[in-house]
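Asks: got a predicted structure here, sequence first:
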Amino acid sequence: MAQYPPIMKGMPVLLHGGDYNPEQWLKQKDTIWKEDMAFAKKAGINTLSIGIFSWAHLEPQEGCYTFEWMDEVMDMLHANGIKAILATPSGARPPWLAEKYPEVLRVNNLRQKMLYGGRHNHCLSSPVYREKVAQINEKLAQRYGKHPALGMWHISNEYGGECHCPLCQQEFQDWLKDRYGTIEALNEAWWNQFWAHRYNNFRQIESPTSPDWLGENENHGLKLSWRRFTSWHHCDFYVHEIEPLKRITPEIPCTTNLMSTYPAIDYFALGRLLDRSSWDNYPAWTGTEADAEVCTDTAFKHDLMRGVGDNKPFMMMESSPSAVNWQPINGLRRPGTILLQGLQAVAHGSDTVQYFQFRKSRGNFEKFHGALIDHTGRSDTRVFQEVCAVGEALKTIASVAGSSAENKVALLYDWENRWALDDARFVTPQKGYEQTVIAHHSALMAAGLGVDVVDETCALNGYRLVVAPMCYMLRNGFPDQVKTFVGAGGTLVLTYISGYVNQDDLCFLDGFPGPLREVAGVWAEEVDARPPQLTNSFAYEGKTYLCREYFELIHAQTAEVLSVYQSDFYAGMPVVTKNEYGKGCCYYVAARTGTDFLTALYRTLTREQGLEPIVPGLPQGAGATLRVGADGLEYRFVMNYLPEETRVNVGPPQRDLLTCHTVAGETVIPPRGVLVLVKE
Ligand code: GLA
Ligand code: ZN
């Protein structure tokens, strides 16, 4: 699908906005609120997210609602042409709720009951908490469902954490019973004949603890199930939260803001419940050349967040317009960074650039967190001017809104695989799964390819190249999907430690990579781990590359050997192989390599498969993406991640929408510059 409808009805433009807390300025509303609207106008702000932590202002005492201020805010936004992304307030509860119903507070994994405080400190099992959330959500929907300012629902804020209270223990046990049916089946699946762990009934099972001296922290089946349960619990709570909203305002889209690779929630599962995916992007900008790496990391996260939302245009729901207040070093954003940060999001498929926060609060924890409007309340600040430049740019390229990514390459990032890898006690404690997937992503982008990020439950048809790094756990159905994909002519790339365990985390007994052996044409007999300085090497297409850390000892069965280890006792054993399978083929990379080799490999595959690079021959520190709009109109984003100018050969003449200049061939891109190119 090339062109998607706007995220919010009647807003076929790129959205520019941020978290807005007018309730913090109720006493100064006659001046501050007016000023806010004037600022919003100047910066081209067309949405504001409100009510995110407003529970105490909406229901200061149980059952006593004070919506009048919110009415005024909604009217004011409407009068100023701004759509509200209205939040349900469950991200933080008012003190009266915790005081009257202590069950709403969490118990941590040390089994300590939490006191009132913080944000996500509430039990998702608590019937009282669920009831109170349903009530306030229903009130909000009734009161604002027909308000012309209402554009979208922002469900809670950054769902996360876990609770180990007795209610949650029982929920967990019930969830296990649903999943396994009988305790015998659970014991089998968890291999509980190990360490005398056979349970007699579901009520004996307790959530894992941390640290492990307190209770159970080593039973893989238990830990994996707890992670699955916790993730499911958040999804279930989301469904609970949106019930009144979908009933009363079925036409208003819902989202909740995600946190890229946050480990505790399978965002592919949660993403399926969202009308659009949205996420909070806080790159650790350095102001130096190292920002190129910051950008490649963020590029992956954008693609992942688009992927969990089924590749529809997504939302960058938060980003900082200046220094944050929680990184180890909270430096200022160098001039031009905010524009690059915003346009990079759009380049990867976001239809929004939103910030945390609109106005700096006067007191409390986030009083020094970056904001559009500083404590001085002046519009001539550097940061505000830069935000205005973003607003201008978003207006200039407004036609990009709704266009989609149409990529032929899929890269796997799978939460369940990650959980299983985190627990696996072999090779090294830290497996580096995320970094490895990011290395493949940046190599694919360096080869000029646009990438969709998928997990093992996503459809693979339609892709030409599928890359599945460290695909250790093969979830039910995935091996068959892979066979169909390769059999029909697709190209697959697998790496070391793939196909070791099944969905229950039980090892395959007929040789790794388990059910993918036939596709890969290799058998992985052993895997060696070494400190990073003890490298091995291999030659590929006339060049020598280093590999380090993970070295799998594989046998080519039907595969062709493209390269072998050059040293150690496994010198001569294959490192890179290629296996024909059906109409397609599978490459296997048996050792951890650098992005240098991966880029070379993906350049070769691009040629071999006739994939068309978005921009061929991208220099180091540059990135390119493609969005396709109505009538197949192509928008090529070319980004310079570096603080100095770079040169990119952009090919045939194209018009840069941002400057209205025509560019062709070798083109200078200014420091942190972005081109948005369309064919003339
Ligand atoms: C998160 C939260 C916001 C705010 C920012 C600060 O993303 O969602 O409420 O605390 O962090 O960076
Ligand atoms: Zn609980």
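Replies: Received, thanks. Ligands and ions are numbered 1, 2, ... in the order given.
Asks: contact partners for the residue in the stretch 551-680 of the chain that ligand 1 sits nearest to?
Replies: In the stretch 551-680 of the chain, the residue that lies nearest ligand 1 is Arg672 (21.4 Å; CB to the nearest ligand atom). Where you see a C-beta, it was placed from the backbone N, CA and C, and this is true even at glycine. The contact partners of Arg672, by CB atoms under 8 Å, 6 or more residues apart in numbering, come to Asp291, Arg334, Gly336, Thr337, Leu339, Leu340, Asn640, Tyr641, Leu642, Pro643.
Asks: Lys177: what secondary structure?
Replies: helix (DSSP: H, G, I helix; E, B strand; the rest coil).
Asks: before we move on, the earlier item: show me which of the contacts of Arg672 is closest to Ser320.
Replies: Thr337 (10.0 Å; CB to CB).
Asks: identify the residue nearest the closest one in space, chain neighbours excluded?
Replies: Trp285 (5.6 Å; CB to CB, 6 or more residues apart in numbering).
Asks: same check on Asn80?
Replies: Met37 (4.8 Å).
Asks: do the same with Ile614
Replies: Going by CB to CB, 6+ apart, Ile614 has Ala624 as its nearest residue, at 4.3 Å.
Asks: report pLDDT for the one you found.
Replies: At Ala624, the model reports a pLDDT of 98.
Asks: that one should be in a helix, yeah?
Replies: No: read with three-state DSSP, Ala624 is strand and lies in no helix.
Asks: check contacts around the residue nearest to Thr337.
Replies: Contacts of Trp285 (CB under 8 Å, 6+ apart): Asp291, Val294, Gly331, Arg333, Arg334, Thr337, Gln341.
Asks: what distance do you get for it to ligand 1?
Replies: Separation of Trp285 from ligand 1 (CB to the nearest ligand atom, to the nearest Å) stands at 13 Å.
Asks: equivalent analysis for Ser404, please.
Replies: Ser404 is 26 Å from ligand 1, by CB to the nearest ligand atom.
Asks: partners of the strand ranked longest in the chain, with directions?
Replies: Secondary structure of the chain per DSSP state E: the longest strand is strand 543-556. Strand 543-556 has its sheet partners listed here by DSSP bridges as strand 522-529 (antiparallel), strand 536-540 (antiparallel), strand 591-593 (antiparallel).
Asks: can you say which of those is nearest to His234?
Replies: Once these are compared by CB to CB, strand 591-593 is nearest, at 32.3 Å.
Asks: now the closest one: average pLDDT?
Replies: pLDDT averaged over strand 591-593 gives 98.
Asks: contacts for that strand next, please.
Replies: With contact meaning CB under 8 Å, 6+ apart, strand 591-593 is reached by 432, 436, 495-496, 536, 538, 545-552, 565, 575.
Asks: how far does stretch 213-224 stretch from start to finish?
Replies: End-to-end span of stretch 213-224 (CA to CA, to the nearest Å): 19 Å.
Asks: buried set for it?
Replies: Within stretch 213-224, the residues that count as buried by 16 or more other CB atoms under 10 Å are Glu216, Asn219, His220, Gly221, Leu222, Lys223, Leu224.
Asks: just give the number of residues close to the closest residue to Cys507 other than its chain neighbours.
Replies: Nearest residue to Cys507 in three dimensions, chain neighbours excluded: Val501, at 5.5 Å (CB to CB, 6+ apart). By other CB atoms under 10 Å, the residues close to Val501 number 21.
Asks: who does Val501 bridge with?
Replies: Under the criterion used here (DSSP bridges), Val501 is bridged to Met473, Cys507.
Asks: was I right to think it contacts Leu509?
Replies: No: counting by CB atoms under 8 Å, Val501 sits too far from Leu509 to count as a contact (10.9 Å).
Asks: domain ranges for this structure?
Replies: 46-275, 409-609, 622-679 (automatic domain parsing).
Asks: after the longest strand of the chain, heading C-terminal, what element do we hit next?
Replies: Once the chain leaves strand 543-556, the next helix or strand it forms, by DSSP states H and E, is strand 560-564.
Asks: buried residues in that next one?
Replies: Val561, Leu562, Ser563, Val564.
Asks: mind checking how far the third one is from Tyr540?
Replies: Using CB to CB, to the nearest Å, one obtains 5 Å as the distance from Ser563 to Tyr540.
Asks: repeat for the last one
Replies: Taking CB to CB as the measure, Val564 falls 10 Å from Tyr540.
Asks: what's the answer for Ala84, then?
Replies: Counting by CB to CB, the gap from Ala84 to Tyr540 is 55 Å.
Asks: and these two? Which one has more around it.
Replies: Here Ala84 and Tyr540 are compared on neighbour count by other CB under 10 Å; more neighbours surround Ala84, at 28 against 17.
Asks: for the residue nearest to that one when sequence neighbours are not counted, list the residues it contacts.
Replies: Among residues not flanking Ala84 along the chain, Ala149 sits closest, at 4.6 Å (CB to CB, 6+ apart). Shown in contact with Ala149 (CB under 8 Å, 6+ apart): Met74, Asp75, Leu77, His78, Ile82, Lys83, Ala84.
Asks: if you set the cut-off to 7 Å instead, what comes out?
Replies: Met74, Leu77, His78, Lys83, Ala84 (CB atoms under 7 Å, 6 or more residues apart in numbering).
Asks: got those residues as JSON lines, with secondary structure and distance to ligand 1 columns?
Replies: Output for the contacts of Ala149, formatted as JSON lines (DSSP: H, G, I helix; E, B strand; the rest coil; distance: CB to the nearest ligand atom, whole Å):
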{"residue": "Met74", "secondary structure": "helix", "distance to ligand 1": "21"}
{"residue": "Leu77", "secondary structure": "helix", "distance to ligand 1": "19"}
{"residue": "His78", "secondary structure": "helix", "distance to ligand 1": "24"}
{"residue": "Lys83", "secondary structure": "strand", "distance to ligand 1": "19"}
{"residue": "Ala84", "secondary structure": "strand", "distance to ligand 1": "17"}
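Asks: out of these, which end up buried?
Replies: Here, 16+ other CB under 10 Å leaves Met74, Leu77, Lys83, Ala84 buried among the contacts of Ala149.
Asks: the chain against ligand 1: which residues are in contact?
Replies: Asn157, Glu158, Asp280, Tyr282, Glu318, Val324, Phe356, Glu366, His369 (CB under 6 Å from any ligand atom).
Asks: buried subset of those?
Replies: Buried, going by 16+ other CB under 10 Å: Asn157, Glu158, Asp280, Tyr282, Glu318, Val324, Phe356, Glu366, His369, out of the residues of the chain next to ligand 1.
Asks: quick one: neighbours of Gly582, just the number.
Replies: Count around Gly582 with other CB under 10 Å applied: 14.
Asks: in space, what's closest to it - neighbours in sequence excluded?
Replies: Nearest to Gly582 is Gly487, by CB to CB, 6+ apart, at 3.1 Å.
Asks: what residues are up against the one you found?
Replies: Contacts of Gly487 by CB under 7 Å, 6+ apart are Tyr581, Gly582, Lys583, Gly584.
Asks: need the max-distance pair from these.
Replies: Tyr581 and Lys583 (8.4 Å).
Asks: which of the two has more neighbours?
Replies: Tyr581 (21 against 10).
Asks: next, the contact list for the more buried one, please.
Replies: Val486, Gly487, Glu518, Val519.
Asks: apply 6 Å and report the result again.
Replies: Residues near Tyr581 by CB atoms under 6 Å, 6 or more residues apart in numbering: Val486, Val519.
Asks: state the distance from it to Leu658.
Replies: 45 Å.
Asks: of all of the stretch 451-600 of the chain, which residue lies closest to ligand 1?
Replies: Residue of the stretch 451-600 of the chain nearest ligand 1, by CB to the nearest ligand atom: Val453 (20.8 Å).
Asks: which SSE is that residue in?
Replies: strand 451-454.
Asks: just the CA atoms of stretch 526-533, as CSV, please.
Replies: Extracted in CSV, the C-alpha atoms of stretch 526-533 (Å, rounded to 0.1, in the frame of the first residue of the first chain):
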residue,chain,number,x,y,z
GLU,A,526,30.3,-26.5,18.2
VAL,A,527,30.7,-22.8,19.0
ASP,A,528,33.8,-21.2,20.3
ALA,A,529,33.9,-17.9,22.3
ARG,A,530,37.0,-15.8,22.7
PRO,A,531,37.9,-12.4,24.2
PRO,A,532,37.5,-9.7,21.6
GLN,A,533,41.3,-9.2,21.1
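Asks: good, we can wrap up now.
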